[in-house]
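[1] let's see this in three dimensions:
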Amino acid sequence: MKLGVAGMEPGQRTLNGPQTSGRTYRNLSEPAYTIVQEIDVAVPMRDGIALLADVFRPDSDAKFPALIAASPYPRQIENSGAPMGFVEAGATDFFVPRGYVHVIANVRGTAGSGGEYSFFGPVDRTDVYDLIEWAAAQPWCDGTVGMLGISAFAIAQIQAAVENPPHLKCIFPMAVTTDIYEAAYHHGLLSKTFMLAWIRAVGVFSGLSDTFLRGKIVGLLEDVLRSPKVHAHFAHRNGEAALALMGPIVQGHHNPHPWDDLLNAVVFDHQTKDAFWQERDLTSLVSKIRVPVYLGCDWENVPMHLPGTFTALDNIAEGVPVRVAMLGSFGMTWPWESMHVEALGWFDHWLKGRDTGIMEGPPVRYILPGADDVWRESPSWPPPESNAQVFFLRGDGTLSPQSGPHDTDRVYDHLPEALASVRTPQNAVPASLAWTTAPLANDLDLAGKVRLRLNATISGGDTSWIVALQDVAPDGTVVDVTAGWQRAALRDLKTFEPAQPDIPQHYEIALVDNARRFKAGHSIRVLLRSDDTAGPEPIMGFRHAPIGIASRNVIHAGSQLSIDCMS
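    Numbering: from 1, shown residues only. Purely as a prediction, here's the structure:
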């Protein structure tokens, strides 16, 4: 593959997506080098196995900082231009011409790397540590190392940083997840659409040969995908589109071991947050990070990486330099090319000692969806001027700042598909409930946390609480803003405790932090259901495995929605 120079200047391959958080930069590295490629480089690990890496470096005898990207996705496709959620290592043709070495490596057990795939296990932390220290010692490296890449590549960055390898100087983990359990199970509910497809797709890709992935057929496809006209169409490809592309992929052949074993482990053996998940949970380890961290995500990434972005931010130790960018629609596109100028400002500052301006101003910058594309600033998240506003879930289906003195209960049924015939015209209990505000008299800006407190009775001992916060326009158009989930019998995530039938209980459901301007004339709606396999499509199309217990769910007076609003 012949790689030129990518960027936003005339004559360069144009990158998709926003490139900065609105900052104006200075002293950024300019493209000055062609690219030399070394493929299938064996990198020894401390236990004797070897990871395979592709190394892309400037055509020069000088030494340069290294940028490492590591994941289970085949390194051979990372510069393919494919609009899928596996192409997330960053654009080699942007960073290398500007004086960086781009090392794209496969974690153990994937795409030819030795050992057995660990599914984000502790061994990955020491492996990436060894990869960093290996890179720092190479003749093409000046001894400084950063990391980049989103999603799985971002998780690898946190895995490395909590180990504090001596030569790691900064990381750029946008769209990160710190707790793998919460990616697989949304507070106890299996994220079926994503998780099952993801495991199978990684297995299929890991079984493809290096000869095929670097062969003529794939090469011709890459030429088409990277052509300017085709590439421009990917500027509005989000996670939903990436997920849809996995459909035909997961039908391919994959080895039963470890991929089917892993599927069985996730679906059958480890439904609660047991030791299997706890050893993969990085949340409590984030406070050990000592290198500068750049976090960010798109607001639409509610069911995957948005929660982890805020969890990481909340757990970084005081004094560690942090910058945050929260992006609007299509802020993250596939292949991942957004925020590269921002990343250059970050790496030039921390790896080359350039005064780029990246550390000036408040650390948090964010787009407010529903308002405009203007970048806003804050010293923290949520913004200091954001305060909780409470709305009551009224018995008449309204969402109101005032409770009703004589509010009545509202009822809906969860019926597994096998019992769907129980619902008859004479027994027309709905399958979901909604509460909606009157049209707003003034703009209302959500910026921060969203919490739902349910006073509820369930008849079956267990049910799924699946909540969506929605923006309803005057013409009836509905936009999902954020969502939250909870399995009623698994509130602590560790032990199943069936609810006592017909005894009211309180359920505190945390929806994912978000930002939104609800414009004057629009309404805020809460949608509550216990099965999202049919009906309105959830955010990014991520649906959950339904609980097979029939339950009549009663929502009592006093249930409340709390949202952080800008004062």
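[2] just give the nearest non-adjacent residue to N16, would you?
    Nearest residue to N16 in three dimensions, chain neighbours excluded: A235, at 4.3 Å (C-beta to C-beta, 6 or more residues apart in numbering). Where C-beta positions appear, they are placed from N, C-alpha and C, glycine not excepted.
[3] part of a helix, is the one you found?
    Yes: assessed with DSSP: H, G, I helix; E, B strand; the rest coil, A235 lies in a helix.
[4] checking L561 next. Helix, strand or coil?
    Assigned state for L561: strand (three-state reduction, three-state DSSP).
[5] skipping its backbone neighbours, what lies nearest it in space?
    L561 sits nearest to F391 (C-beta to C-beta, 6+ apart), 4.5 Å away.
[6] before we move on, back to that, pLDDT at the residue nearest to N16, what is it?
    A235 is assigned a predicted lDDT (pLDDT) of 90.
[7] give the contact list for it.
    N16, G17, F330, T333 (C-beta atoms under 8 Å, 6 or more residues apart in numbering).
[8] give me the number of residues near the second one?
    The number of residues packed near G17 is 21, by other C-beta atoms under 10 Å.
[9] go on, T398?
    Neighbour tally, T398, other C-beta under 10 Å: 17.
[10] bridging residues for it?
    T436 (DSSP bridges).
[11] over to V103?
    Note on V103: beta-bridge partners by DSSP bridges are V55, I68.
[12] any low-confidence regions in the protein?
    When residues are selected by pLDDT under 70, those of the chain lie in 1, 238-251, 418-427.
[13] in helices only, show me the contacts of A235.
    Applying DSSP state H to the contacts of A235, no entry is found in helices.
[14] now for those: which two are most distant?
    For those, the farthest-apart pair by C-beta to C-beta is N16 and F330; their separation is 8.4 Å.
[15] these two: who's more crowded?
    A count of neighbours by other C-beta under 10 Å puts N16 above the other of N16 and F330, at 22 against 17.
[16] give me the phi and psi for that one.
    Here is the backbone geometry of N16 (degrees, to the nearest 10): phi -90, psi 150.
[17] so it sits against T333, correct?
    Yes: using C-beta atoms under 8 Å, N16 is in contact with T333, at 5.0 Å.
[18] which residues do those two both contact?
    Contacts common to N16 and T333, judged by C-beta under 8 Å, 6+ apart, are F234, A235.
[19] setting aside sequence neighbours, what's the nearest residue to Q138?
    In space, Q138 comes closest to A66 once its chain neighbours are excluded; the distance is 7.6 Å by C-beta to C-beta, 6+ apart.
[20] now do the SS call for the one you found.
    When classified by three-state DSSP, A66 comes out as strand.
[21] any idea how far P321 is from it?
    Note on A66: its distance to P321, by C-beta to C-beta, to the nearest Å, is 20 Å.
[22] so those two - more neighbours on which side?
    Per other C-beta under 10 Å, whichever of A66 and P321 has more neighbours is A66, with 28 against 16.
[23] quick one: the more buried one from D564, how far?
    From A66 to D564 the distance is 40 Å (C-beta to C-beta).
[24] kindly report the same for I104.
    39 Å.
[25] the two: which has the busier surroundings?
    Legend: neighbour count by other C-beta under 10 Å for I104 and D564, higher for I104 (27 against 22).
[26] pretty sure that one contacts R75?
    Yes: counting by C-beta under 8 Å, I104 touches R75, with 4.3 Å between them.
[27] what packs against the host helix or strand of R323?
    Taking DSSP states H and E as the definition, one finds R323 inside strand 322-327. Secondary-structure packing of strand 322-327 (3 or more C-beta pairs under 8 Å, 6 or more residues apart in numbering; DSSP states H and E): strand 293-298, helix 306-315, strand 364-367.
[28] need the contact partners of whatever helix or strand comes next after it.
    Once the chain leaves strand 322-327, the next helix or strand it forms, by DSSP H and E, is helix 340-352. Residues outside helix 340-352 that contact it (C-beta under 8 Å, 6+ apart): 6-8, 15, 19-21, 23, 25, 27-29, 65, 67, 90-91, 94-95, 98-100, 144-146, 148, 169-170, 172, 292, 294, 323, 325, 354-359.
[29] now helix 340-352: how far from the chain's centre is it?
    Between the centre of helix 340-352 and the centre of its chain there are 22 Å (C-alpha atoms, centre = their mean, to the nearest Å).
[30] and the angle for it with strand 293-298?
    170 degrees (axes from the mean of the first three to the mean of the last three C-alpha atoms, to 10 degrees).
[31] got the angle between helix 340-352 and strand 322-327?
    170 degrees.
[32] keeping just the C-alphas, turn helix 340-352 into CSV.
    Extracted C-alpha coordinates of helix 340-352, given in CSV (Å, rounded to 0.1, in the frame of the first residue of the first chain):
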residue,chain,number,x,y,z
HIS,A,340,-6.2,14.2,14.5
VAL,A,341,-5.1,17.9,14.5
GLU,A,342,-6.1,17.9,18.2
ALA,A,343,-4.0,14.8,18.8
LEU,A,344,-1.1,16.3,16.9
GLY,A,345,-1.3,19.4,19.3
TRP,A,346,-1.3,16.9,22.2
PHE,A,347,1.6,14.7,21.0
ASP,A,348,3.7,17.7,19.8
HIS,A,349,3.3,19.2,23.3
TRP,A,350,4.1,16.1,25.4
LEU,A,351,6.4,14.2,23.1
LYS,A,352,8.3,16.9,21.2
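[33] tell me the spacing between the spatially most central residue of the chain and G448.
    Residue closest to the average C-alpha location in the chain (C-alpha atoms, centre = their mean): H305, at 2.0 Å. Distance, H305 to G448, by C-beta to C-beta: 18 Å.
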